[in-house]
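**Student:** no sequence on this one, just coordinates:
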């Protein structure tokens, strides 16, 4: 329901901590459209022909998924998107990810806010 809530306000960012198979992941929950926009913006300054192809990747994925599943009204979200995500490795080192996308079914728990 939090994902749906954020989807209603594309500029919203909600700090969350998720429990996933790899451990804890914290960041700002963002709307799918915000994630796509941030993804494209991050690649605009990248060099090489591959960067231009990757810039369109999220939109192409959305199109393929829509074709396979059809447009079902009130469908539950399948993906969760974070910005400024941080996870901690087994060695205690933090890994920073400007943008993160994961399957919502892979989240086994959550909490509002980020660890200190």
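**Tutor:** Looks like it came in fine. Because the structure is a prediction, the values reported are computed rather than measured.
**Student:** could you use CA atoms for every contact and neighbour count after this?
**Tutor:** Fine.
**Student:** okay, now the unreliable bits of this structure?
**Tutor:** The model of the chain has pLDDT under 70 over residues 45-46, 49-56, 58, 61-62, 64-66, 68-75.
**Student:** what about the strands in it?
**Tutor:** Taking DSSP state E, the strands of the chain run over residues 14-20, 23-30, 79-88, 94-103, 109-112.
**Student:** just name the most buried of these.
**Tutor:** Sort the strands of the chain by mean neighbour count, taking mean count of other Cα atoms under 10 Å, and strand 23-30 sits at the top with a mean of 22.
**Student:** what's in contact with it?
**Tutor:** Under the criterion Cα atoms under 8 Å, 6 or more residues apart in numbering, residues 3, 6-7, 10-19, 80-88, 114-115 lie in contact with strand 23-30.
**Student:** residue 44: which of the strands of the chain is closest?
**Tutor:** Nearest to residue 44, of all these, is strand 94-103, at 15.0 Å by Cα to Cα.
**Student:** check which strands are paired with that closest one and give the direction for each one.
**Tutor:** Its sheet considered, strand 94-103 pairs with strand 79-88 (antiparallel) by DSSP bridges.
**Student:** measure how the partner strand sits relative to strand 23-30, angle-wise.
**Tutor:** Taking axes from the mean of the first three to the mean of the last three Cα atoms, to 10 degrees, one finds that strand 79-88 is oriented at 130 degrees with respect to strand 23-30.
**Student:** what distance separates strand 79-88 from the centre of its chain?
**Tutor:** With Cα atoms, centre = their mean, to the nearest Å as the basis, strand 79-88 stands 6 Å off its chain's centre.
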